[in-house]
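Asks: Dropping a prediction and its sequence here:
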Amino acid sequence: MKRLLELSLGIVTSIGGFLEAGSIITAVQGGAVFGYQLLWAIALGTVGLMLLVEQSGRLACVSGRTVGDALRERFGINFFVIPLVTGLIVSFLVLASEIGGVSLALQMATGISLQWWALPVAFAGWFLLWKGTFGIVEKGTSLLGLVTIVFIVAALKLHPDWGEVTAGLLPTRPSHDRARYWYLVVSIIGASISPYLYMFYSSGVVEDGWGVDDLSTNKATAVLGMSFGGVLSAAVLVVAALVFLPRGIQVERYEQAGLLLPPVLGHAGFVLFLASLGIACFGATAEITLAMAYLVAQGLGWDWSENAKPKENTRFSLTYTVMILLAGVVMTLGVDPLKLTNFSMMLTAASLPVTVVPMLVLMNDEALVGDHRNRWFGNVALGALSIIAIVVLLSAVPLQVMGGS
Amino acid sequence: MNATMPTLAQAELPLREGPPTMSSSDGGARNASRYGWSWCALVPLVVACGVSDPAKQIERAASWAVTTRELAIERGVGSVGRAYTLDLLDAGRKDIRKIEASLDPAKVPAAVRSQVPGALVELDSTMTRAGDAVRRGNPLLLGAAAAAADSLGHTLESLGEQAGK
Amino acid sequence: MRTNECRLELLLGRRVLDADGQLVGRLEEVVADYRDGEYLVREFHVGTFAMFERLGGGMLGNGLLRLIGGNRLYDGYVIPWKLMDLSDADHPRVTVAKGELARIDETAHPSSSVRRAAKSKPRRTA
Amino acid sequence: MELRLVHELLDKPVLDEARRYVGRVDGVVLELRRGAQPRITAFEIGGRVWARRLSPRIARWAVSLGERWPALANGVTRISMQDVRRTGITVSVKCDGRTTPAMRWEHWLRRNVISRIPGA
């Protein structure tokens, strides 16, 4: 019975925790310009994330080592510095864009500029981490995140043509705005496969004390949870395709996304959109901050645990304190949240090889995962994902310059 | 454009990652390797390049016209908040002014060159009228602004298509 | 640091030459025995993935190459402690020619995929 | 009993007798002896130690950082191999982690920073 509860909680939290600033905004922009054509990018990103979450979870269940631990122990400090530095830079920018998302939701609700909201939001996130346990941070924000199901309700209410929707699941070449199309494809992949997600997930497995007998729960959580999350992200794209595209509204400003749900659900739609954006981004804010502190602490050998009191592992807790408050300060400087979100999603996609490629070695290292090693299927899928990640990396610079909004 | 992108360390891609190779002997157990360790995808400081293609800019103006219409309609039925509406109208007008400034008449095809500036000015005043209507809470004025924005949307869209050809 | 001390982490990955100045490979592992309360170094494992030598001995690189069946290319040697001269920590040298060294028996490698591959394939005799 | 230094010692986490997480094996010290097997005397934990592995520039920077904030410089913790009980995925040692320099930074922050923040 305990396992069933844990399983259902795992799936629910991965649904609630899936959407964040990047996935919402890239899906809205994608739907508004290309209709259903980009659904395949969401599907690819979701399958990729499913793969990495299952494997990093398996790594942590079997060896008790998180991804951060394993990267340092298996490859030494000389290599580890690369995922450490790129991970911190990329995660910091994504963290700032998440704080921007929450602040913007508050600005749309109250009219007070997001620059005033940035520091209070960062402080609230810090307070949740300082006082909360891992369970509260992950489960709490994700349960609230279930409000994002409003996008599925809106999508169903619009009665999309399911034939066209499934057609969108097949990769197609764009008829217009080619650079913008591929820029959004890469941003969507970056938004779904974010390194902080599987760093956070594998640390969560260790915090929750999962072991070898939790492998089935881990697999179910990864597959079911992430696929429901992918459906949510697809729903956002479908609604944008049915509301913005026919009207010819292109998303130039973040605030325009506020007009997404009112035509479908009226005032409730507006309020629920603000709630979804605010809660989803707040959950992501807490998760990313923790993931960064995990990466540093695990890599450099500091004691770490969100369940313990902050004074029990001071370097870990002060790391996340500095990170979240610094990101809050960045948003008070008036950085445009839409451009920052798009830019950080592109950077996330470009930084994927640094963590995805090493997973190939980690998941086949008998010393770490014993006979729970990757079967041929796991290796082929991860190999394909690594090649995609490297292609994305090589295309990042030209795409950013040409396709960047 | 107030986006101040944080500068990113520009690091060369480490062809040789990992421990040392040929070590020069300058004494001491010096770790001789030299590799770009803060490698982060070679992304330069990118200032989002202004969209200079006139057809795209006119389409953006058309998008703002439609956004104004939607906003006026939704505000009329009370679906969206007052502060939000004023905030978005304000942001829209800023963007329209940016389009006006960056629209290079030489690049705009002759057929539409005369009509575009006028349409943009009219759109700007329509958005201002819509803002006043919201502030005063006058539904009639708001409806008129919505209609004006709607027709402007169509004209700008057709101008955009002509400019695109 | 006393003069006769040296640091493993700085030796790791160093290129090791033999008595004739030939490249034996990079230092990958040091194996020690625990005997009467002390850890004594028994042997050094040095090797390279021939073609990929220029790619450097990064542990990620080696791990990946081993994974995709690189061990057919792996040219590994076991160097007993007696034959390793560490007087100059920057330039570890072997006191004999490369030919006289025993090759690494991949069947004892910690990762089973390497072991399986090594068993299933007759060793390439140099 | 065989010990593979890179695979089972270097970079591995170090737990003291109360299973407290002291740090990672950042460096291993070998004692070279004329005509006798090199002996592994101790391993070291410390930012300065792993900084030296990256590059001399970073190593010098880490040392100068330590001099500027001596209280923060947790210096180098050297643990003799005699105290090592078990190696493999983790390295457990027979000593009290709290007294090692590795944890000095932790205590300094606890006394001077964390205590000032309510609800820690």
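Replies: Received it, and whenever you're ready, just let me know what you need.
Asks: contacts, neighbours, all on C-alpha from now
Replies: Noted.
Asks: What about A:Pro171, how many residues nearby?
Replies: 13 (other Cα atoms under 10 Å in any protein chain shown).
Asks: How about C:Val96?
Replies: Neighbours of C:Val96 (other Cα under 10 Å): 15.
Asks: now do B:Glu161
Replies: If you count neighbours by other Cα under 10 Å, B:Glu161 ends up with 15.
Asks: Pull the distance from the strand or helix carrying A:Phe75 to the chain's centre.
Replies: Under the criterion of DSSP states H and E, A:Phe75 resides in helix A:67-110. From the chain centre to the centre of helix A:67-110 is a distance of 10 Å (Cα atoms, centre = their mean, to the nearest Å).
Asks: and C:Val78, what element?
Replies: Assigned by DSSP H and E, C:Val78 belongs to strand C:74-80.
Asks: That strand pairs with which strands?
Replies: strand C:38-49 (antiparallel), strand C:102-103 (antiparallel) (DSSP bridges).
Asks: Same list, those strands, but as CSV with mean pLDDT please.
Replies: Listed next are the strands paired with strand C:74-80 as CSV, based on pLDDT from 0 to 100:
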stretch, mean pLDDT
strand C:38-49, 89
strand C:102-103, 80
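Asks: Please identify the deepest-packed of the ones you listed.
Replies: Most buried of the strands paired with strand C:74-80, by mean neighbour count (mean count of other Cα atoms under 10 Å in any protein chain shown): strand C:38-49, with a mean of 22.
Asks: The helix or strand that that strand is followed by near chain A anywhere?
Replies: Note on strand C:38-49: by DSSP H and E, the next helix or strand toward the C-terminus is helix C:59-67. Yes: contact of helix C:59-67 with chain A (Cα under 8 Å from any Cα of the partner chain) involves C:59-60, C:63-64, C:67.
Asks: any weak-confidence spans in chain C?
Replies: Scanning chain C for pLDDT under 70 picks out C:1-3, C:50-57, C:69-72, C:105-126.
Asks: The same query, at a cut-off of 90, please.
Replies: C:1-5, C:12-15, C:18-26, C:28, C:35-37, C:46-78, C:85-91, C:96-126 (pLDDT under 90).
Asks: How about chain B?
Replies: B:1-57, B:59, B:100-118, B:137, B:157-165.
Asks: can you count the residues close to D:Trp61?
Replies: 15.
Asks: my bad, B:Asp124
Replies: 24.
Asks: Which element, helix or strand, includes it?
Replies: According to DSSP H and E, B:Asp124 maps onto helix B:115-136.
Asks: ok, and for that helix, which residues are buried?
Replies: For helix B:115-136, burial by neighbour count (16 or more other Cα atoms under 10 Å in any protein chain shown) applies to B:116, B:119-120, B:123-124, B:126-131, B:133-134.
Asks: a markdown table for the residues you listed, including distance to C:Ala97?
Replies: Compiled in a markdown table, the buried residues of helix B:115-136 are given as follows (distance: Cα to Cα, whole Å):
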| residue | distance to C:Ala97 |
| --- | --- |
| B:Val116 | 82 |
| B:Ala119 | 85 |
| B:Leu120 | 83 |
| B:Leu123 | 85 |
| B:Asp124 | 84 |
| B:Thr126 | 88 |
| B:Met127 | 85 |
| B:Thr128 | 87 |
| B:Arg129 | 90 |
| B:Ala130 | 88 |
| B:Gly131 | 87 |
| B:Ala133 | 92 |
| B:Val134 | 89 |
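Asks: can you list the residues of the stretch 1-150 of chain A near chain B?
Replies: Residues of the stretch 1-150 of chain A lying near chain B (Cα under 8 Å from any Cα): A:78-79, A:81-82, A:85-86, A:107-111.
Asks: Off-centre distance for the helix or strand just after the strand holding C:Val78?
Replies: Counting by DSSP H and E, the element after strand C:74-80 in chain order, helix or strand, is strand C:84-85. Taking Cα atoms, centre = their mean, the mean C-alpha location of strand C:84-85 is offset from the chain mean by 13 Å.
Asks: So which elements touch strand C:84-85?
Replies: Counting contacts by 3 or more Cα pairs under 8 Å, 6 or more residues apart in numbering or on different chains; DSSP states H and E, strand C:84-85 packs against strand C:93-94.
Asks: Which single residue of chain C ends up nearest chain B?
Replies: In chain C, the residue that lies nearest chain B is C:Gly58 (3.7 Å; Cα to the nearest Cα).
Asks: what's the burial count for that residue?
Replies: 22.
Asks: Just want the angle from the helix holding A:Phe75 to helix C:59-67.
Replies: For helix A:67-110 against helix C:59-67, the angle by axes from the mean of the first three to the mean of the last three Cα atoms, to 10 degrees is 110 degrees.
Asks: does any part of helix A:67-110 sit near chain C?
Replies: Yes: Helix A:67-110 lies within reach of chain C by Cα under 8 Å from any Cα, at A:74-76, A:79.
Asks: Out of those residues, the closest to chain D would be?
Replies: A:Gly76 (6.2 Å).
Asks: what's the nearest residue to the closest one if we skip its chain neighbours?
Replies: What sits nearest to A:Gly76 in space, not counting adjacent residues and going by Cα to Cα, 6 or more residues apart in numbering or on different chains, is D:Asp11, at 6.2 Å.
Asks: Would you agree the one you found falls within a strand?
Replies: No: counting by DSSP: H, G, I helix; E, B strand; the rest coil, D:Asp11 falls outside a strand, being coil.
Asks: contacting residues around the strand holding C:Val78?
Replies: With contacts defined as Cα atoms under 8 Å, 6 or more residues apart in numbering or on different chains, strand C:74-80 is touched by C:24-25, C:42-50, C:94, C:101-104.
Asks: Up against chain D, what does chain C have?
Replies: C:4-10, C:28-35, C:37-42, C:81-82, C:86.
Asks: quick revisit: want to try JSON lines for the residues of helix C:59-67 next to chain A, with distance to D:Leu3 and neighbour count as columns?
Replies: Converted to JSON lines, the residues of helix C:59-67 next to chain A look like this (distance: Cα to Cα, whole Å; neighbours: other Cα atoms under 10 Å in any protein chain shown):
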{"residue": "C:Met59", "distance to D:Leu3": "19", "neighbour count": "21"}
{"residue": "C:Leu60", "distance to D:Leu3": "22", "neighbour count": "22"}
{"residue": "C:Gly63", "distance to D:Leu3": "20", "neighbour count": "21"}
{"residue": "C:Leu64", "distance to D:Leu3": "24", "neighbour count": "19"}
{"residue": "C:Leu67", "distance to D:Leu3": "23", "neighbour count": "18"}
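Asks: Which single residue of chain B ends up nearest chain A?
Replies: B:Ser79 (3.7 Å).
Asks: Quick check, C:Val24 in contact with C:Leu17.
Replies: Yes: between C:Val24 and C:Leu17 there is a contact at 5.4 Å, judged by Cα atoms under 8 Å.
Asks: neighbour count winner among these two?
Replies: Between C:Val24 and C:Leu17, counted using other Cα under 10 Å, the more crowded position is C:Val24 (24 against 20).
Asks: So that one lies in a helix, does it not?
Replies: No: secondary structure of C:Val24 (three-state DSSP): strand, not part of a helix.
Asks: How much space separates it from C:Thr95?
Replies: Taking Cα to Cα, to the nearest Å as the measure, C:Val24 falls 12 Å from C:Thr95.
Asks: Next, show the common contact partners of the two.
Replies: Common neighbours of C:Val24 and C:Thr95 (Cα under 8 Å, 6+ apart) are C:Asp18.
Asks: Which residue does chain D have closest to chain A?
Replies: For chain D, Cα to the nearest Cα, closest residue to chain A: D:Gly23, 4.2 Å.
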